[in-house]
Structure formats: C-alpha cells, structure tokens
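Student: Need coordinates for the below:
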Amino acid sequence: MVSETTRRRTYSYGPADDPVTTARRVAGRYAQLRERSTNDGGAEQVG
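Tutor: Residues are numbered from 1 along each chain as shown. You can find the predicted model right below:
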C-alpha cells in the first residue's frame, strides 16, 4: 500500500499464522500491480 499523505509504500506486519489477513494483503498487492500494468501499457517498471 502507498500512504496517501507521504506517497511512500507502507509495510504491514502480520503474523504468519493468520492466512486470511495474508491473503487479503496479497490480493490487494496483486490488484495494485495489475492496475499499474494496465495503466502503463504493460511495461515493466523497475524501482
């Protein structure tokens, strides 16, 4: 996730034994990457 105020990536800590939260975070990140990919024509971004 990216903070709306600082525009920096925010990292969340979560226990490894919480599969529901982990799945939610992975799904959110996947959606973010897909959105970025479709917005830039599918070009891979580094950095």
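Student: can you pull the pLDDT of residue 30?
Tutor: Residue 30 carries a pLDDT score of 91 in this model.
Student: State the distance from the residue lying farthest from the centre of the chain to residue 28.
Tutor: Using Cα atoms, centre = their mean, the residue of the chain lying farthest from its centre is residue 17. It sits 20.1 Å away. To residue 28, residue 17 is 20 Å away according to Cβ to Cβ, to the nearest Å. Where you see a C-beta, it was placed from the backbone N, CA and C, and this is true even at glycine.
Student: Same check on residue 20?
Tutor: 13 Å.
Student: Now for residue 25, how many residues are close by?
Tutor: 14 (other Cβ atoms under 10 Å).
Student: just how off-centre is whichever strand or helix holds it within its chain?
Tutor: Assessed by DSSP states H and E, residue 25 sits inside helix 19-39. Offset of helix 19-39 from its chain centre (Cα atoms, centre = their mean, to the nearest Å): 5 Å.
Student: How much space separates residue 29 from residue 3?
Tutor: Noted for residue 29: a distance of 15 Å to residue 3, by Cβ to Cβ.
Student: and if you look at residue 24?
Tutor: For residue 24, the distance to residue 3 - Cβ to Cβ - is 18 Å.
Student: who's more crowded, these two?
Tutor: Higher neighbour count among residue 24 and residue 3: residue 24, with 12 against 9, using other Cβ under 10 Å.
Student: Any stretches of this protein with poor pLDDT?
Tutor: Where the chain drops to pLDDT under 70, the residues are 1, 11-16, 41-47.
Student: and residue 17, what does it touch?
Tutor: Under the criterion of Cβ atoms under 8 Å, 6 or more residues apart in numbering, residue 17 has no contact partners.
Student: Within the helices and strands, which one has it?
Tutor: Using DSSP H and E, residue 17 sits within no helix or strand.
Student: ok so, going back, for the helix holding residue 25, name the packing helices and strands.
Tutor: The helices and strands touching helix 19-39, judged by 3 or more Cβ pairs under 8 Å, 6 or more residues apart in numbering; DSSP states H and E, number zero.
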